[in-house]
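**Student:** From the sequence below, what's the structure:
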Amino acid sequence: MSRIFVLLLALCGASALVTGVRPAVAASAFRAVSPLMGNDAPDGPFTPVVLAGKVVLGEKLLNKVRGKAIGFHSQFITEFCLDYGVPTQMRGALIKKAKTTGGLLGFLS
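**Tutor:** I've put the predicted structure just below:
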């Protein structure tokens, strides 16, 4: 009985070391699936608010409002950079960081 337990334990431990192994599947099976369109942003604390907004406002109107908010935020970052002499390259990095942070918070769900 203990030998079976040790053997199972060894197999489980060995299987944990093997990563990235995928079963052999015909390449055409992957092509047959249509690509997923949409946003694959991670869920964050504001995801429920965004999902509720999609239900209440509709996805089209929510995307329009979200686009306006992103535009205003980018404009605010640009004005801040102009006021304080921040280089253009740094401004682009700040806008990119704002997008990344917004995605992590769930605003882009």
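**Student:** From here on, just use CA atoms for contacts and neighbour counts.
**Tutor:** Noted.
**Student:** buried residues in the biggest helix by length in the chain?
**Tutor:** In the chain, assigned by DSSP state H, the helix with the most residues is helix 59-84. By 16 or more other C-alpha atoms under 10 Å, the buried positions in helix 59-84 come out as L62, I70, S74, I77, T78, C81.
**Student:** of all those, which comes closest to T100?
**Tutor:** Proximity of those to T100 (C-alpha to C-alpha) peaks at I70, which lies at 12.2 Å.
**Student:** The closest one and G85: what is the separation?
**Tutor:** 22 Å (C-alpha to C-alpha, to the nearest Å).
**Student:** What score does the closest residue to T47 other than its chain neighbours have for pLDDT?
**Tutor:** Distances taken as C-alpha to C-alpha, 6 or more residues apart in numbering put G106 closest to T47, at 4.5 Å, once the chain neighbours are dropped. At G106, the model reports a pLDDT of 90.
**Student:** who touches G106 in this structure?
**Tutor:** By C-alpha atoms under 8 Å, 6 or more residues apart in numbering, the residues touching G106 are A41, P42, D43, G44, P45, F46, T47, V50.
**Student:** go again using 10 Å as the cut-off
**Tutor:** For G106, the contact set (C-alpha atoms under 10 Å, 6 or more residues apart in numbering) comprises A41, P42, D43, G44, P45, F46, T47, P48, V49, V50, L51.
**Student:** Narrow those to those that are buried.
**Tutor:** A41, F46, T47, V50, L51.
**Student:** where does the chain dip in pLDDT?
**Tutor:** For the chain, the stretches flagged by pLDDT under 70 are 1-41.
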